[in-house]
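**Q** Below is the sequence, then the predicted model.
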Amino acid sequence: MFDVFYNFMFYFALFIIYAFIGWLIEIVAALINNHKFINRGFLMGPIIPIWGAGAIMITLFVKPSDSAFGLIVSSAFIGSFLEYVVNYAMEKIFKARWWDYSNLPFNIEGRVWLGSSLLFGIGGLLLIKYMNPFFSSILYGMNKGLLCTLSFCSLIIMLIDLCISGNIIKNLKLSAYSLRKDYTEEVSKKVKQKLKEKSYSFNRLLRAFPDVKFLFKNKK
């Protein structure tokens, strides 16, 4: 029984590591593009779960013995599939499109884009060949009890963050709904500015996703 728990905590530790690396990458990208610090992602903490989830899916389903081309193609498919599903699910749950590639060529419904798929592919190659062996050796070298304790504490903190952040997103949507009088699909810049002024949490989320579109049904 402990072995099952340990394996789960081991992979969760990998999940946290890659979710943190993803957060760092997006922070650096924001610094380069906007010349300022932006806390990217839905959560308040320094992790972006989709990066961690993508890394774990690639780890579990991609064969290290495949050729470099095979690793890139498999990783690109897994990453793109995950991004599409997450984009679709969050749109249905929160009635908002959080990112949209519609203005870029070779996109699918604006949810995934060829450029990001290529990044997933190259990232998967690096992950399988170099990153997984490095981080796995560190985790396997840790005391099992310590690893499980740290991973379990991280899991509890992440779940708390998910609950708090989910409530913030819900309140953001309700505030946007109350401010938007004509029920059009996109929240205007003026409405976004008012939302930013309402609370620090709204401001952080809208800075993290400046192109978010809240979807409302037309008033009948």
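**A** It's in.
**Q** Near the nearest residue to residue 104 once chain neighbours are set aside, how many other residues are there?
**A** Here the nearest residue to residue 104 in space, its sequence neighbours aside, is residue 113; by C-beta to C-beta, 6 or more residues apart in numbering that works out to 5.1 Å. Any C-beta I mention is one placed from the backbone N, CA and C, and that applies to glycine too. When neighbours are defined as other C-beta atoms under 10 Å, residue 113 has 21 of them.
**Q** swap in residue 65?
**A** Neighbours around residue 65, by other C-beta under 10 Å: 8.
**Q** quick one: contacts for it?
**A** Residue 65 sits next to no residue when contact means C-beta atoms under 8 Å, 6 or more residues apart in numbering.
**Q** for it, helix, strand, or coil?
**A** coil (DSSP: H, G, I helix; E, B strand; the rest coil).
**Q** I'd like to know how far residue 38 sits from residue 170.
**A** Distance of residue 38 to residue 170, given as C-beta to C-beta, to the nearest Å: 22 Å.
**Q** Could you identify the helix or strand that succeeds the helix or strand of the chain at the bottom of the mean pLDDT ranking?
**A** Within the chain, no helix or strand scores below helix 189-198, which has a mean of 68 by mean pLDDT, DSSP states H and E. As assigned by DSSP states H and E, the chain's next helix or strand after helix 189-198 is helix 200-208.
**Q** residue closest to the middle of this protein?
**A** residue 50 (3.3 Å; C-alpha atoms, centre = their mean).
**Q** before we move on, the earlier item: I figured the residue nearest to residue 104 hits residue 100, correct?
**A** No. Here residue 113 does not reach residue 100: they are 9.7 Å apart, not a contact under C-beta atoms under 8 Å.
**Q** For this structure, give me the ranges with low pLDDT.
**A** 179-192, 194, 216-220 (pLDDT under 70).
**Q** Quick one: the strands in it, in order.
**A** Secondary structure of the chain by DSSP state E: the strands cover 96-97, 107-108, 112-113, 213-214.
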